[in-house]
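Asker: build me a model from this:
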Amino acid sequence: MSRMIYDYTKDVLEKVSFDAKLFMRELKKALKILLPYEIERLKKWLQYFTDEKPELKQFLYIVNE
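Answerer: Numbers count the residues shown, from 1 in each chain. Sure, this is the predicted structure:
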């Protein structure tokens with residue numbers, strides 16, 4: 001079940017990546033529901049994902065708090 005939430009979170013973040021504010025809002029929501037080890041995986045995925053979308057890189061601080 002947990003894996004499904006993580007995958008769903010990634011899908012949502014990919015779909016809303018066209019809008020930086022919406023991306024930030026969804027990222028904050030995800031951090032409330034994901035388990036600590038999933039957040040660590042999400043951090044690594046975000047590093048990779050935001051390489052191609054520099055306008056979203058500014059939100060990496062949210063997962064590092």
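
Asker: ok, how many other residues are close to Lys15?
Answerer: 12 (other Cβ atoms under 10 Å). Glycine gets a C-beta too; all of them are placed from N, C-alpha and C.

Asker: whoops, Leu27 was the one
Answerer: By other Cβ under 10 Å, the residues close to Leu27 number 20.

Asker: pretty sure it is touching Val63, no?
Answerer: Yes: between Leu27 and Val63 a contact is recorded at 7.1 Å, counting by Cβ atoms under 8 Å.

Asker: residue nearest the middle of this structure, spatially speaking?
Answerer: Centroid-nearest residue in the chain, with Cα atoms, centre = their mean: Leu27, separated by 4.7 Å.

Asker: what's that residue sitting at in phi/psi?
Answerer: phi -60, psi -40 (degrees, to the nearest 10).

Asker: where does the protein dip in pLDDT?
Answerer: In the predicted model, the chain carries pLDDT under 70 at residues 1-2.

Asker: just the helices in this structure please.
Answerer: Counting by DSSP state H, the chain has helices at residues 2-15, 20-33, 36-49, 54-57, 60-63.

Asker: what's the second one packed up against?
Answerer: Pointing back at helix 20-33 there. If you count contacts as 3 or more Cβ pairs under 8 Å, 6 or more residues apart in numbering; DSSP states H and E, helix 20-33 packs onto helix 2-15, helix 54-57, helix 60-63.

Asker: the longest one vs helix 36-49, what angle?
Answerer: An angle of 30 degrees separates the directions of helix 2-15 and helix 36-49 when computed by axes from the mean of the first three to the mean of the last three Cα atoms, to 10 degrees.

Asker: can you dump the C-alpha coordinates of helix 2-15 into CSV?
Answerer: C-alpha atoms of helix 2-15 as CSV (Å, rounded to 0.1, in the frame of the first residue of the first chain):
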residue,chain,number,x,y,z
SER,A,2,2.8,2.4,0.9
ARG,A,3,4.5,1.9,-2.4
MET,A,4,1.3,2.9,-4.2
ILE,A,5,1.1,6.2,-2.3
TYR,A,6,4.7,7.0,-3.2
ASP,A,7,4.1,6.2,-6.9
TYR,A,8,0.9,8.2,-6.8
THR,A,9,2.8,11.2,-5.3
LYS,A,10,5.4,11.1,-8.1
ASP,A,11,2.7,10.9,-10.7
VAL,A,12,0.9,13.9,-9.2
LEU,A,13,4.1,16.0,-9.0
GLU,A,14,4.9,15.2,-12.6
LYS,A,15,1.4,16.2,-13.7
